[in-house]
Every structure is written in structure tokens, then in C-alpha cells.
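>>> What follows is a predicted protein model with its sequence.
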Amino acid sequence: MISVTEALSIVSNVTYTPKKATVLLKNADGFVLSDDVVSPINMPPFRQSAMDGYALSLHNNNSYEIIGEVPAGSNINYSLSPGQGVRIFTGARVPNDAETVIMQEKVHRSGNHISIEDQVLSNSNIRPTGEQIKEGEVALKKGTQLTPAGIGYLAGLGITEVQVFTSPSIAIITTGNELVTPGLPLQEGQIYESNSVQLEVALKRLNVKKIQNYTVQDDYESTKNTVKEAITNHEIVLISGGISVGDYDFVKDVLAELQIVELFYKIKQKPGKPLFFGRNSDTLVYALPGNPASSLTCFYIYVLPTIRKIMGITSEGLKRTTKAITKDFSKKGDRAQFLKAKVSGKTVEILEGQSSAMLLTYAIANALVYIPENMNTISKGDLVETIILPK
Ligand SMILES: Nc1nc2c(c(=O)[nH]1)N[C@H]1C(S)=C(S)[C@@H](COP(=O)(O)OP(=O)(O)OC[C@H]3O[C@@H](n4cnc5c(N)ncnc54)[C@H](O)[C@@H]3O)O[C@H]1N2
Ligand code: MOO
């Protein structure tokens with residue numbers, strides 16, 4: 001059995017070849033650019049008025065003749081002599097001869113003439129061509145994670161597709177004779193299958209697009225055939241259950257027969273002791289313990305960082321911080337623990353009901369408190385490492 005620290009270091013040292021893909025900009029939220037994006041245009045593409053008002057060719061008094069009008073979208077370019085101007089609107093092209101734009105609130109208009117009380121300054125209320133970015137400049141660098149603002153910015157440059165680090169293709173294999181799909185009737189001895197949907201929605205939150213679900217009975221041959229198919233077709237395989245030591249737990253032997261090289265098996269932690277991590281040249285395999293809370297905690301701590309890394313995200317794991325615990329706590333046993341908890345401001349409450357078979361507490365938790373294996377008693381007010389769960 002290895003420690004949590006050793007397991008995390010093995011996970012973070014795993015090498016992989018990131019894959020690039022071209023995706024529609026509107027589908028790229030959360031993805032990381034795999035190449036610099038170069039601006040195809042100047043932005044703004046022309047001198048733009050920043051206000052509704054008047055564009056003026058300056059002269060030495062505050063009275064101007066207004067000879068026309070430029071609405072937004074018009075390409076008209078009035079020739080102006082000093083002392084002349086045009087009515088103009090926000091976003092409209094400023095005539096080449098105009099040196100400034102004055103807001104309409106600062107102007108008194110009478111027929112085709114305006115007079116201005118304040119001093120008129122050159123270059124006011126004009127957005128110069130290429131003020132934000134110039135044609136040929138890098139608009140966003142490789143490694144930038146796209147956000148709604150990033151997508152809006154690139155759309156504003158006329159871009160419709162981007163090159164990103166693509167999400168891995170992931171298989172979820174659910175094992176267990178006792179499992180029944182929700183919606184069907186339960187017989188005595190059976191329970192509803194919940195790990196696959198839990199993992200699937202957690203993957204979707206990470207922007208994983210290609211997810212395939214498989215189910216197998218507790219039978220060596222069918223487990224082997226399904227795992228073989230999954231590792232042939234996917235970059236990451238998540239197996240739920242069947243990884244402990246029972247007579248019907250076939251996953252470990254199947255992985256050995258399929259020549260998945262073991263990177264670790266069993267971590268000194270609670271929950272999730274029998275987690276397996278291994279690989280062949282193309283596929284990473286996690287065998288997650290079947291207990292629902294163990295499965296999810298192993299996902300958050302050991303699977304999520306790998307997926308984020310493959311997708312080019314540099315802040316790989318969940319956010320870790322320290323908080324003061326609200327009650328004394330004493331840990332039983334010598335395994336490190338990830339405890340369902342609730343953060344509120346600067347404090348964290350370790351919740352009642354930590355069984356790895358139960359999700360009730362997990363469903364209302366917003367954090368996991370990490371207690372290392374060598375820490376046994378903690379007093380109210382002590383700072384503890386707190387892992388913030390995704391919202
Ligand atoms: N003799 C020992 N027994 C067990 C040990 C041990 O060290 N020695 N470890 C225990 C720990 S810790 C865990 S965690 C579990 C993990 O066992 P498996 O990964 O083999 O999981 P299963 O036995 O298949 O299932 C465990 C539990 O979870 C329920 N389950 C499984 N899959 C699902 C699912 N998809 N949806 C909902 N619930 C699921 C299953 O019915 C069991 O109750 O082993 C301990 N045993
Ligand atoms: O390690 Mo197990 O996950 O406690 O139930």
C-alpha cells in the first residue's frame with residue numbers, strides 16, 4: 001500500500017501526448033488553446049466614435065457647421081474643412097478629416113450649426129484603428145483557457161474555429177451483479193446503479209465530450225472482453241467496482257491478463273483504499289472502488305487532475321486551501337482521510353455520516369477535509385487542508 005502523497009506524485013508524473021482538435025468557437029468554452037490565435041483584422045477595423053455627438057474638423061472658435069450624418073454601419077467618409085463637422089453615433093466610422101468627437105450633451109444645436117461652451121480637445125471619444133489588437137498580432141496565446149469573454153473577444157475578430165487540446169475519450173465500465181438501472185423494479189438483494197451517472201456528470205463538468213458506458217456482470221470472461229474493447233477504443237478507462245479482494249472481484253486479474261502495467265494498487269486512505277491505476281502505451285486505466293463515495297472521491301483526487309492536464313489546464317487538481325475546523329476531531333485508524341465537509345467563510349465543518357457506502361452527506365458537502373495519515377487529533381479552531389469541490 002502506498003501513501004496519498006506517493007499516489008498523487010505518480011498521477012502527476014504520468015506522461016501523455018496531448019491531442020489537438022479544431023472546434024467551433026461556440027463549442028470551445030473551457031477548452032485550452034493549443035496554438036496562438038492570430039488576429040485576422042485590426043480591432044476596431046476603422047476609427048470609431050465612442051459617443052453619440054459630432055465629429056469635428058477643428059478650427060479656432062467654438063462654432064461649427066454640420067454638413068451631414070454618419071450612422072453606425074455607414075461607410076460614408078465626408079470631406080471636412082476646418083470648422084465643419086458631421087452628426088455621428090456610437091460605433092460609427094469617424095471621417096478621416098475629423099480630429100475629435102464631442103458628446104451631444106456638450107453642444108447647443110441651431111439648424112445646421114452647433115456651438116460648444118467647453119474647450120474642444122483633439123482626439124477625444126475616438127477609438128483608433130487597431131486600438132485593441134492589430135492585424136497579425138497574437139490575439140490570445142497558446143495555453144489560454146477559453147471563457148465566455150475569450151469566446152466573445154475572438155468572435156469579435158471574426159474567428160469561427162479554434163485549435164484546442166481536445167478532451168480524452170473516456171469509457172466507464174460498471175461491474176456488479178447486484179446493480180439495477182434506476183427506473184426498473186428492485187428485487188431483494190439488488191440496489192440501484194448510481195456510479196456511472198455520477199461519473200458521467202462529473203466528466204461532463206470537465207468538458208469531456210466522448211463518454212461511452214459499458215456494464216458487465218461479475219464474470220471473468222465478460223469483464224475481460226469488455227475491458228479489452230474499452231482500452232482499445234478509449235484513452236482513459238474508468239472501471240467501477242470489482243477491484244477489491246472478494247471471490248467475484250475480477251478486475252485486478254483481468255487488467256493483469258490484458259497487460260495493463262500497474263502504477264499503483266491500494267492507497268493508505270479512506271475512502272478509496274483499493275484504487276488501481278495503470279496503463280498500456282495508449283490508455284490510462286483507473287479501477288475505482290465500487291462504494292459510491294469512494295468512487296467519487298478517487299475521481300476528484302486522482303482522475304480529475306489527469307483529465308485536466310491532458311486538456312492543457314495548468315491548475316490541475318481541485319483548489320486546496322486551509323480552514324479552521326468547527327469541532328474537535330479524532331481520526332480512527334492509520335489511513336489518511338478525505339472527509340465530506342462544509343466550508344462557510346473561514347471555517348469548515350466535518351459532516352456526520354462519512355461511510356463510503358453513503359452519498360447523503362456528499363450530496364450536501366462543498367469540500368473535502370484532508371487529514372494526513374500521521375495526524376490523529378485535531379482541536380476546534382486548528383487549520384486543516386480543505387479541498388474545494390466543484391460547484
Ligand atoms: N476483505 C476485504 N473486503 C473489502 C476490503 C478489504 O480490504 N478487504 N476493502 C473494502 C473497501 S475499503 C472497499 S472501498 C470495497 C471496494 O470493493 P470493490 O471495488 O470490489 O467494489 P464492489 O465490491 O463491487 O462494491 C462495493 C460496494 O459498492 C456498491 N456498488 C458497486 N458498484 C456500484 C454502483 N455502480 N452503483 C452503486 N453502488 C455500487 C456495491 O453494491 C457494494 O456495496 O471493498 C471493501 N471490501
Ligand atoms: O476504502 Mo473503502 O473506500 O473505505 O470503502
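Done, it's in. Residues are numbered from 1 along each chain as shown. Ligands and ions are numbered 1, 2, ... in the order given.
>>> Contact distance from ligand 2 - what residues of the stretch 51-200 of the chain qualify?
Applying the criterion Cβ under 6 Å from any ligand atom, no portion of the stretch 51-200 of the chain neighbours ligand 2. In this view, the C-beta of every residue, glycine as well, is placed from N, C-alpha and C.
>>> Can you give me the neighbour number for the residue of the stretch 51-200 of the chain found nearest ligand 2?
Nearest residue of the stretch 51-200 of the chain to ligand 2: N195, at 12.3 Å (Cβ to the nearest ligand atom). For N195, the tally of surrounding residues (other Cβ atoms under 10 Å) stands at 24.
>>> Do I have it right that it meets A293?
No. With contact defined as Cβ atoms under 8 Å, N195 does not count as touching A293 (10.2 Å).
>>> Tell me how far the closest residue to ligand 1 within the stretch 251-391 of the chain lies from M358.
Of all residues in the stretch 251-391 of the chain, G290 sits closest to ligand 1, at 2.5 Å by Cβ to the nearest ligand atom. Distance from G290 to M358, counting by Cβ to Cβ, to the nearest Å: 13 Å.
>>> circling back to that earlier point, so what's the residue of the stretch 251-391 of the chain closest to ligand 1 up against?
T175, G176, N195, S240, G241, G242, I243, S244 (Cβ atoms under 8 Å, 6 or more residues apart in numbering).
>>> among the residues you listed, which are in helices?
N195 (DSSP state H).
>>> Among the contacts of G290, which one is most surrounded by other residues?
In these, the most neighbours by other Cβ under 10 Å go to S240, 30 neighbours.
>>> That one and N195: what is the separation?
4 Å.
>>> same question for the biggest helix by length in the chain, mean pLDDT?
As far as residue count goes, and with DSSP H defining each element, the longest helix of the chain is helix 220-233. Here helix 220-233 scores 98 as its mean pLDDT.
>>> who's in contact with stretch 102-117?
Under the contact criterion Cβ under 8 Å, 6+ apart, stretch 102-117 has outside partners 51-54, 56, 62-67, 85, 118, 120, 124-125.
>>> which one of these has the most neighbours?
Ranking the contacts of stretch 102-117 using other Cβ under 10 Å puts L56 first, with 29 neighbours.
>>> Can you name the residues bridging to that one?
Beta bridges link L56 to G85, T100 when assigned by DSSP bridges.
>>> what about Y370, neighbour count?
19.
>>> Roughly how far does the residue of the stretch 251-391 of the chain closest to ligand 1 sit from ligand 2?
Going from G290 to ligand 2 by Cβ to the nearest ligand atom, to the nearest Å gives 9 Å.
>>> Quick check: phi and psi at that residue.
Main-chain dihedrals, G290, degrees, to the nearest 10: phi -70, psi -30.
>>> Toward the C-terminus, what is the element adjacent to the helix or strand harbouring A341?
Here A341, judged by DSSP states H and E, is contained in strand 336-344. Downstream of strand 336-344, the first helix or strand assigned by DSSP H and E is strand 347-350.
>>> For that following strand, enumerate the helices and strands it packs against.
Helices and strands touching strand 347-350, as assessed by 3 or more Cβ pairs under 8 Å, 6 or more residues apart in numbering; DSSP states H and E, comprise strand 320-325, strand 336-344, strand 367-371.
>>> Partner strands of the last one and their direction?
Read that as strand 367-371. Partners of strand 367-371, by DSSP bridges, with direction: strand 336-344 (antiparallel), strand 383-388 (antiparallel).
>>> before we move on, back to that, which of the contacts of G290 lies closest to V11?
I243 (16.5 Å; Cβ to Cβ).
>>> residues contacting that closest one?
Counting by Cβ under 8 Å, 6+ apart, I243 has contacts D249, V251, K252, P274, L275, F276, A287, L288, P289, G290.
>>> can we see that at 6 Å?
Taking Cβ atoms under 6 Å, 6 or more residues apart in numbering, we find I243 in contact with V251, P274, F276, A287, P289.
>>> Tell me the buried residues within these.
Listed as buried from the contacts of I243 are V251, P274, F276, A287, P289; burial here means 16 or more other Cβ atoms under 10 Å.
>>> Would you mind confirming that the first one makes contact with Y286?
No. In this structure V251 lies outside contact range of Y286 using Cβ atoms under 6 Å: 10.6 Å.
>>> Ligand 2: which of the helices and strands packed on strand 347-350 is closest?
Nearest of the helices and strands packed on strand 347-350 to ligand 2, taken as Cβ to the nearest ligand atom: strand 336-344 at 9.4 Å.
>>> contact partners of the closest one?
By Cβ under 6 Å, 6+ apart, the list of residues contacting strand 336-344 reads 4, 269-270, 297, 323, 331, 348-351, 354, 361-362, 365-373.
>>> make it 8 Å
The contact list for strand 336-344, computed with Cβ under 8 Å, 6+ apart, reads 3-4, 268-272, 293, 297, 301, 323, 331, 348-351, 353-354, 361-362, 364-373, 386-388.
>>> Show the pLDDT at whatever residue of the stretch 1-150 of the chain ends up closest to ligand 1.
Closest residue of the stretch 1-150 of the chain to ligand 1, Cβ to the nearest ligand atom: M1 (9.9 Å). M1 carries a pLDDT value of 94.
>>> Report the contact partners of the nearest residue to it once chain neighbours are set aside.
Nearest residue to M1 in three dimensions, chain neighbours excluded: K266, at 4.5 Å (Cβ to Cβ, 6 or more residues apart in numbering). Residues near K266 by Cβ under 8 Å, 6+ apart: M1, I2, K273, P274, L275, F276.
>>> just these now: which is nearest Y16?
F276 (18.1 Å).
>>> and that closest one, backbone torsions?
phi -110, psi 140.
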